[in-house]
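Trainee: sequence and predicted structure are below.
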Amino acid sequence: MFPGGKVVKALIGFQNNGDSNFIVDNVEGGFRYPMDYNYVIQNFTSFRYGREVAPKTTQTFLYMFVPSEQLAGGSRTFSLVMSLNYRGEDGTLYTDSPFNETVSVHEVDEGFDTEIFFMYVLLAALFALLLFGAQYLLSSAFGGRKAARKTIETGTSGGIDYDYIPKDHLTSKKAKATKRD
């Protein structure tokens, strides 16, 4: 499994068992569809080396690539093919595949995941709404809060103090009241 969106490093060893020098030109790689190697899903960068490998010696080459984040997740598998291109002293070109296997790309789980955060926020809001609805239904079903009785003012005890009312107002009301009777 390779991490999506992160640099993957591969070391490729080249051993020259022959009697003449070989020149390693480049290493290239890519993801291919497992059922059809002609279908390329992601092509990686080709690293040029141009190193000469003497007879009866071994050299190691570093190859780095970044699998796409869009390929991560799920159960899809890809064929990772790395090709080593080299030539002999006489100019004959050779290609060897030191790695040709089915692999998968996984998502990197590091840092803050906003999708999970907002899922929890939504669940908390739904829970609060559910509690509010339950409280409203229960309070209306069992009577809930009863309104306080309002007291009605009927006046003051001990009579009315007429000192602050002008006298002409008092006499005109009494006269009008007697004329109607």
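Mentor: In hand now; what should we look at?
Trainee: show me the strands in the chain, by range?
Mentor: Along the chain, counting by DSSP state E, strands occupy 2-3, 8-16, 22-33, 36-43, 47-53, 57-65, 78-88, 93-103, 105-106.
Trainee: partner strands of the fifth one, with direction?
Mentor: Paired neighbours of strand 47-53 in the sheet (DSSP bridges): strand 22-33 (antiparallel).
Trainee: okay, the angle between the partner strand and strand 8-16?
Mentor: 140 degrees (axes from the mean of the first three to the mean of the last three C-alpha atoms, to 10 degrees).
Trainee: show me how far strand 22-33 is from its chain's centre.
Mentor: Centroid separation between strand 22-33 and its chain, computed with C-alpha atoms, centre = their mean, to the nearest Å, is 34 Å.
Trainee: what do you get for stretch 128-141?
Mentor: That offset, for stretch 128-141, works out to 33 Å (C-alpha atoms, centre = their mean).
Trainee: now stretch 17-32: buried residues?
Mentor: Within stretch 17-32, the residues scored as buried using 16 or more other C-beta atoms under 10 Å are 22, 24-32. No exception for glycine: its C-beta is placed from N, CA and C like everyone else's.
Trainee: may I see these organised as a markdown table, with distance to Arg48 and pLDDT added?
Mentor: Formatted as a markdown table, these follow (distance: C-beta to C-beta, whole Å; pLDDT from 0 to 100):
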| residue | distance to Arg48 | pLDDT |
| --- | --- | --- |
| Phe22 | 15 | 94 |
| Val24 | 10 | 95 |
| Asp25 | 7 | 95 |
| Asn26 | 5 | 94 |
| Val27 | 9 | 94 |
| Glu28 | 10 | 94 |
| Gly29 | 14 | 93 |
| Gly30 | 16 | 93 |
| Phe31 | 21 | 92 |
| Arg32 | 22 | 92 |
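Trainee: need those in CSV with distance to Ile12, can you?
Mentor: Output for the buried residues of stretch 17-32, formatted as CSV (distance: C-beta to C-beta, whole Å):
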residue, distance to Ile12
Phe22, 14
Val24, 9
Asp25, 13
Asn26, 11
Val27, 6
Glu28, 11
Gly29, 10
Gly30, 15
Phe31, 17
Arg32, 18
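Trainee: how about those residues, which pair is most distant?
Mentor: Among the buried residues of stretch 17-32, the pair separated by the greatest distance (C-beta to C-beta) is Phe22 and Phe31, at 27.6 Å.
Trainee: residue contacts, the nearest residue to Glu28 once chain neighbours are set aside?
Mentor: Spatial nearest neighbour of Glu28, chain neighbours left out: Ser46 (3.9 Å); criterion: C-beta to C-beta, 6 or more residues apart in numbering. Ser46 makes contact with 26-28 under the criterion C-beta atoms under 8 Å, 6 or more residues apart in numbering.
Trainee: ok, Val24 to Ser75 distance?
Mentor: Per C-beta to C-beta, to the nearest Å, Val24 is found 36 Å from Ser75.
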